[in-house]
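S.K.: predicted model follows, preceded by the sequence.
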Amino acid sequence: MGGGSQANISGTAKIYQLPFSMPYRHAAQVSGTPSLLPQGWQQRSSYIAMQTTELCYLGHSRAAETHLNGLMKFLDIYCPLGMSSPAEPSNATELSIRYIMLTYLFISICKSRVRVELVDVGEDTTPEVMAAMHDRYKVEAGGIDLKLRSMELLPYFFAPLSSMRGFRDIDPFPVIDCLLSLTDISQLRGPATDEKCVQQLLWLEGTAVKLVVASIETHIESMPGQSDKHHKEKSSDSMKSSWSGLFIAAELYVHQVLGLWTLDAPLEVKFHFHILGYLSWDLDKSDSCLEAGSAAASNFWFWKTFVGAFSLARHIETDRQVVLYPLRRQFIKLIYKWSEATGIKTWEEAREVLVSIVWPKSAFVHGFILALLKTILYRACKMVAIHPVHQPGAPIDLLARCPDLLIVSILETLPKHDLCSVSRLNKRYHALADAVLYNTVQWLKPELHLIFSQSLSRRPRRGSAIEEVKLAYPASELTRLISDTLEPMNSVSQTISTMSNLKTLDIAVPVGLLKSIGNLFNGPFDLACLQSCTLFYQDEDDQYWDLQENIHIFTHPTLETLVIKRAKLDDRGFEPIERPHNTALKTLHLIECDINDDTLSDVLMFPEALKEFVLTQREEPEPELEESSSSIRDYMMALKEQCHSLETITIDFPMLASGRALALREFVNLKTLRLNWDYQLFGKSTKKPRLHSVGLPPELETLEFFNPLGTDEEVTDLLASAIQSLHITCRKMKELIVLVEETEIPKEVLEAIKSQSQLRLSVIGGEEDRDDPE
């Protein structure tokens, strides 16, 4: 197989064309600019899901998994973790959920298929891997025909809705038959049995691809607008299910109960949370079957509920994911509702119900799994999680009755020492205390970063608790670390990218980490909650670092405050295809930077409404500036991209000057203007006559000069004249802030201030600020 819209498949006489034309693209292109994606959440998820299924068919499992990660982060933006399910999801929302679940199934099957022979070696699949994939199809039941059958069905899965009516319930038996075959294969596996044997049997039976075909066929059956003759009526006992509820339960059953997909690798927590939440909503909506009198329908409803509860309990038991805790009570209540409706209270009776649908008997001989199964049913039947029973004389933990969010709020008020003590009380308090203890992390030595990275690899849930990170250590520390034979911190971007809720990032590290950290900003989905960022890369020779390596920080959609120190940005800027729109940036500080004014103008096109801009530079820059302009008018022209929203402009750049006055009338919301010299505002005196006068912003309230007035007599006269006419040109101006050193404020300026009763003069460098000019 190869990239493109056609694929020649060996072993057949025909040339098959993929059911939809989707040229292979790198994952970064799919998740790059938003303009590449159609409008609408359903269309976008459909687009990414189609890309992923194509990659799975072509054997690119690593790239397909990257697409899925982007799809999940895209879902987090539209439906963050913890958001309650809607009362009645729309058809478009239902389709989006289906796309995600089918995508995960494809990747699971793809990875399970090639894991036996080879390890996936990267984005470019080698001929050996492709050969192994083709050989697997040859020995698989049904051969390549079954695979092509699933490919032919894909256009129907991604087809637009032909009706706005709701989806129909389906007959679950085709999917259950596949699960029975998978269960029979999994039961051949003993504690010491090689996984390879089970995987070989899995593909010899062709069950995995049959599950794909059954999933797509039942999806088509559930589509609104289908005529009744297309709906098979195999079951006579009303054993029906929604497609999403059945598919979620089937996926969790194969992964969590049987452990076949990806060789027992844990489910991605965000994916797990979203599908469990949807399953809980679906079960609650369909609980009328418990009162309908059909034992088969009631048992099948319980099977789906128990699979979700088991998957949730196993994930929490092995990984202690705090974000999954709220779902426990929902599933316990659902099982309790079934227990009350059927009268089943014992584990032995519940076990027979599970086996009557589909469940591995080998699960009942493994100590850990058996204990987990019994615990789930015991909590439901006794309602331990809902109505805790207190024994007389036993101590009462009243705090434990509070919701997790309330406990976290209480823990935030405790000192660190007390918080550590609370975290040692039990597993629940330990998990909740982590959310507070790891809220802010500072790495003042590179060794601390290495240790914390290892900790995150063991407990990745801690990454989601971190909201603020500061990296600050000199270049000598990194040099010593490398000289001690420890690996350089090339993985720093990977460590930070795991912090899905990070809001503040402060970087002050050696320039050797410039490219590694720059990878954080190359994609639109990393650090989706980031609001504030400070970038400073230290150079041992005190040179400027190249901002081009981190230039995509300006495209971050949620970033509101950006501070950049001692960086250089030349005229390369962005490629036309890379230019985003409508970022949330509100504050931009460029501290001692060497910035090209044309590139600055391009960068300022992106924010939707920039409020504050600061540009500073030393009086005698070192090293010499190469990219900066010497004219303050050039930077003001660049700032005109945000003239509609800027409220504060600060330019502390003594070298800047111009022979012409600034035209600032277009800055309609500017309230504070800070400059070094008065001649930067009015223009330096030259032998040529002045043809332009200064245009002060109409809403200006505060004007400040960092350097003394009166260095240019002509400019001093212009300043005095401008102050005298404030009641016409700038009526809202209330304060003038000036610096007094050896020279006093020019008398003509003081006289002009006296004529404006609303204007207050504040003096810096004198004995005190003075309201009275005298």
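M.R.: Cool, the structure landed.

S.K.: can you give me the end-to-end span of stretch 625-643?
M.R.: 27 Å (C-alpha to C-alpha, to the nearest Å).

S.K.: swap in stretch 290-301?
M.R.: 8 Å.

S.K.: flag every buried residue along that stretch.
M.R.: Within stretch 290-301, the residues scored as buried using 16 or more other C-beta atoms under 10 Å are Leu290, Ser294, Ala297, Ser298, Asn299, Phe300, Trp301. Every residue, glycine included, has its C-beta placed from N, CA and C.

S.K.: mind listing which of those residues are in helices?
M.R.: Ala297, Ser298, Asn299, Phe300, Trp301 (DSSP state H).

S.K.: what residues does the second one make contact with?
M.R.: Going by C-beta atoms under 8 Å, 6 or more residues apart in numbering, Ser298 touches Cys289, Leu290, Ala292, Trp338, Ala341, Thr342.

S.K.: now it: how far from Ile344?
M.R.: 10 Å (C-beta to C-beta, to the nearest Å).

S.K.: what touches both of those two?
M.R.: Joint contacts of Ser298 and Ile344 (C-beta under 8 Å, 6+ apart) are Trp338.

S.K.: so, low pLDDT: which residues of the stretch 101-250 of the chain?
M.R.: Scanning the stretch 101-250 of the chain with the threshold set as pLDDT under 70 gives 106-166, 187-207, 224-238.

S.K.: find me the pLDDT at the residue lying closest to Leu290 once chain neighbours are set aside, would you?
M.R.: In this structure, Leu290 finds its nearest non-sequential neighbour in Ala341, 4.0 Å apart by C-beta to C-beta, 6 or more residues apart in numbering. pLDDT recorded at Ala341 is 83.

S.K.: helix or strand for Ala341, which one?
M.R.: In this assignment (DSSP states H and E), Ala341 forms part of helix 325-342.

S.K.: give the rounded mean pLDDT of the very next helix or strand once past that helix.
M.R.: Per DSSP H and E, the first helix or strand lying C-terminal to helix 325-342 is helix 347-357. Over the span of helix 347-357, the pLDDT mean works out to 83.

S.K.: elements contacting helix 347-357?
M.R.: With contacts taken as 3 or more C-beta pairs under 8 Å, 6 or more residues apart in numbering; DSSP states H and E, helix 347-357 sits against helix 295-319, helix 367-382.

S.K.: buried residues in the helix or strand following the shortest one?
M.R.: Next along the chain after helix 367-382, taking DSSP H and E as the criterion, comes helix 404-411. Of the residues in helix 404-411, those scored as buried under the neighbour-count criterion (16+ other C-beta under 10 Å) are Ile407, Val408, Leu411.

S.K.: got it, and stretch 754-763?
M.R.: Result for stretch 754-763 [16+ other C-beta under 10 Å]: buried residues Gln756, Leu759, Arg760, Leu761, Val763.

S.K.: now intersect those residues with the strands, please.
M.R.: Among these, DSSP state E puts Arg760, Leu761, Val763 in strands.

S.K.: Ile275: how many residues sit nearby?
M.R.: Per other C-beta atoms under 10 Å, the neighbour tally for Ile275 reads 23.

S.K.: skipping adjacent residues, who's closest to it in space?
M.R.: Nearest to Ile275 is Ile248, by C-beta to C-beta, 6+ apart, at 4.9 Å.

S.K.: got the contact list for that neighbour?
M.R.: Ile248 neighbours (C-beta under 8 Å, 6+ apart): Met101, Ile275, Leu276, Tyr278, Leu279, Asp282, Gly308.

S.K.: show me where the stretch 401-550 of the chain has its strands.
M.R.: Counting by DSSP state E, counting those that start in this stretch, the stretch 401-550 of the chain has strands at residues 440-443, 468-472, 504-510, 532-538, 545-546.

S.K.: lowest average pLDDT across those strands?
M.R.: Among the strands of the stretch 401-550 of the chain, strand 440-443 scores lowest, at a mean of 79.

S.K.: in the stretch 251-400 of the chain, where is pLDDT below threshold?
M.R.: The model of the stretch 251-400 of the chain has pLDDT under 70 over residues 261-266, 317-323, 362-396.

S.K.: cutoff 90 now
M.R.: By pLDDT under 90, the low-scoring segments of the stretch 251-400 of the chain are 251-300, 302-303, 305-400.

S.K.: make sure Ser186 is actually in contact with Pro360.
M.R.: Yes: if you go by C-beta atoms under 8 Å, Ser186 and Pro360 touch, sitting 5.8 Å apart.

S.K.: low-confidence ranges, the stretch 601-750 of the chain, go.
M.R.: For the stretch 601-750 of the chain, the ranges with pLDDT under 90 are 602, 606, 622-623, 658-661, 663, 683-695, 710-714, 726-731, 739-745.

S.K.: try 80
M.R.: Along the stretch 601-750 of the chain, the parts satisfying pLDDT under 80 run over 686-694, 741-743.

S.K.: and the residue nearest to Ile275, which helix or strand is it part of?
M.R.: Using DSSP H and E, Ile248 falls in helix 243-252.

S.K.: contacting residues for the residue lying closest to Leu759 once chain neighbours are set aside?
M.R.: In this structure, Leu759 finds its nearest non-sequential neighbour in Ile753, 5.6 Å apart by C-beta to C-beta, 6+ apart. Shown in contact with Ile753 (C-beta under 8 Å, 6+ apart): Ile723, Leu736, Leu759, Leu761, Pro773.

S.K.: and Ile753, which helix or strand is it part of?
M.R.: Going by DSSP H and E, Ile753 is part of helix 747-754.

S.K.: equivalent analysis for Arg731, please.
M.R.: Per DSSP H and E: nothing holds Arg731, as it lies in no helix or strand.

S.K.: coming back round to it: for the contacts of Ile753, which one is nearest Leu354?
M.R.: Proximity of the contacts of Ile753 to Leu354 (C-beta to C-beta) peaks at Leu736, which lies at 80.5 Å.
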